[in-house]
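Engineer: Kindly return the folded structure for what I paste below:
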Amino acid sequence: MSPKRHHLLCNICGDKSIGRSFGAITCESCKVFFRRNVLKFKEFECIHGDYCNITVKSRRKCKKCRFYKCIQMGMKTQLVQSKSSENNTIDDYESVLSNESLVNYDFNQSYDNNKVISRHEFMFDPVFKQLTDYQTFNELESIRLSELQNALQVFTYMSLYTHNNIEVTNIYKLYEYFCRKLEKDTQNVVSFANNLESFNKNCFNDRLALIKFGFLEILILRYAIRYNTETNVWTGNLDNDDSFVHSLEVLKYEERNMYNIYKDYYHKLIPESQCDSLIMDLLSAILLLNPKRPYLIHRDVIKSEQQLYIYLLQRYLLNRYPSESESQIKLQNLMNTLIDIQVLNEIEKRNGIERYLQYFGPISKEMLFN
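Structural biologist: From the prediction side, this is the model:
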């Protein structure tokens, strides 16, 4: 080992480093810790509000905050997972949706601006016309897909065309409008869920937990449809007459790297999904029926329902893309964007309670912060 390396300390805990591991300077202990827990997707809890100081002496006391710091310091989960990613199954994708998958996001990752994506790549595919006879699905699967698409009709009011477009350049005004929209859309998520048999078959406790801990993730997914990747502008409806638009630049100075994470998320999800309505609907159901939500009683029942929607997504992609390998890569990439959604969900909640709590309506405030 060179003399220079002796002066390097672990970015995570401050112990003597062994060099660069998975994208950051680490000690042997933090390297092993990161590798072991990426592969297992363990659920950790912090009893101190996620604000533990990670040092050599304290690193074993809180696994959750230690993992968060690994991510914040630049450790990349894809460097751990790349060797096994080719053999993922539906069971593997279910583990992606763990409540702790926030720790699997690289907060230092940035979007490559040299990759220019043209408008025609994002055009809405006429999925409804392609699937009117559901030739690729059997009768039971067709019924399930029809039910899902009908349930998500609650979001059809979100037209891009309104009489008044309000340009927002101030972050506080943005949250004022955003929270007005969120209050209405929270109720729409409840309506969507209540129109799914796979949701209603669960006990009241589980239905409540699935909504409470999943509604914002579903909205973050569906709001991506309103983002223009060429102009980096997002449009949100307040009602049938008024909408507001804002450049992503408004988020540039927000805490927890919100700007870059949103930008990376949009530039991953939109090319992968092409805003295909059926893909977005299936992903909505997959997020809703997440068996890793807190306080669930019948996780196995919810898991089986979620896996059915993952299977339907897999079937649809296999029909749409020419080779099985291509469809599997597409499925893997789409499932990985759900991790980004969980990251953004956590950031929105933390930033919201710290700076913008006064703008949230009573329903969304109860769901997010109580």
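
Engineer: all contacts plus neighbour counts: C-alpha atoms, from now on.
Structural biologist: Will do.

Engineer: which residues of the stretch 101-250 of the chain score low on pLDDT?
Structural biologist: 101-136, 157-163, 240 (pLDDT under 70).

Engineer: go with 90
Structural biologist: Low-confidence regions of the stretch 101-250 of the chain, defined here as pLDDT under 90, cover residues 101-142, 154-165, 235-243.

Engineer: just the helices in it please.
Structural biologist: Counting by DSSP state H, counting those that start in this stretch, the stretch 101-250 of the chain has helices at residues 127-130, 139-151, 171-194, 197-200, 204-223.

Engineer: after the helix ranked longest in the chain comes which helix or strand?
Structural biologist: Ranked by residue count, the top helix of the chain under DSSP state H comes out as helix 324-355. Proceeding C-terminally, helix 324-355 gives way to helix 362-369 as the next helix or strand, assigned by DSSP states H and E.

Engineer: burial of residue 369, as a residue count?
Structural biologist: When neighbours are counted by other Cα atoms under 10 Å, residue 369 registers 12.

Engineer: Just list the residues touching residue 344, thanks.
Structural biologist: Going by Cα atoms under 8 Å, 6 or more residues apart in numbering, residue 344 touches 220, 258, 261-262.

Engineer: Check what pLDDT it gets.
Structural biologist: In this model, residue 344 is scored at 93, pLDDT.

Engineer: quick one: it from residue 8, how far?
Structural biologist: Distance of residue 344 to residue 8, given as Cα to Cα, to the nearest Å: 32 Å.

Engineer: With residue 152 instead?
Structural biologist: When Cα to Cα is applied, the distance between residue 152 and residue 8 equals 53 Å.

Engineer: List the backbone torsions phi and psi for the nearest residue to residue 23 once chain neighbours are set aside.
Structural biologist: In this structure, residue 23 finds its nearest non-sequential neighbour in residue 75, 4.6 Å apart by Cα to Cα, 6 or more residues apart in numbering. Here the main-chain torsion angles of residue 75 (degrees, to the nearest 10) amount to phi -70, psi 140.

Engineer: hang on, isn't residue 75 packed against residue 24?
Structural biologist: Yes. The pair residue 75 and residue 24 qualifies as a contact (Cα atoms under 8 Å) at a distance of 5.3 Å.

Engineer: Between those two, which has more neighbouring residues?
Structural biologist: Set residue 75 next to residue 24 and count neighbours by other Cα under 10 Å: residue 75 wins out with 31 against 19.

Engineer: mind listing what that one touches?
Structural biologist: Under the criterion of Cα under 8 Å, 6+ apart, the contact list for residue 75 reads 21-24, 106.

Engineer: Is residue 260 in a helix, a strand, or coil?
Structural biologist: Remark: residue 260 carries the secondary structure label helix [criterion: DSSP: H, G, I helix; E, B strand; the rest coil].

Engineer: and it, how many neighbours does it have?
Structural biologist: Other residues lying near residue 260 total 20 when counted by other Cα under 10 Å.

Engineer: Model confidence score at it, please.
Structural biologist: Each residue has a pLDDT score; the one for residue 260 is 92.

Engineer: From residue 356, how far off is it?
Structural biologist: For residue 260, the distance to residue 356 (Cα to Cα) stands at 20 Å.

Engineer: I'd like to know the predicted local confidence at the closest residue to residue 56 other than its chain neighbours, please.
Structural biologist: Distances taken as Cα to Cα, 6+ apart put residue 13 closest to residue 56, at 5.1 Å, once the chain neighbours are dropped. As summarised for this prediction, residue 13 has a pLDDT of 89.

Engineer: List the contacts of residue 13.
Structural biologist: 30, 54-56, 59.

Engineer: okay, the helices of the stretch 101-250 of the chain, which one's buried deepest?
Structural biologist: Mean neighbour counts were compared across those using mean count of other Cα atoms under 10 Å; the top stretch is helix 204-223, at a mean of 20.

Engineer: What helices and strands are in contact with that helix?
Structural biologist: If contacts are counted by 3 or more Cα pairs under 8 Å, 6 or more residues apart in numbering; DSSP states H and E, helix 204-223 sits against helix 171-194, helix 277-288, helix 324-355, helix 362-369.
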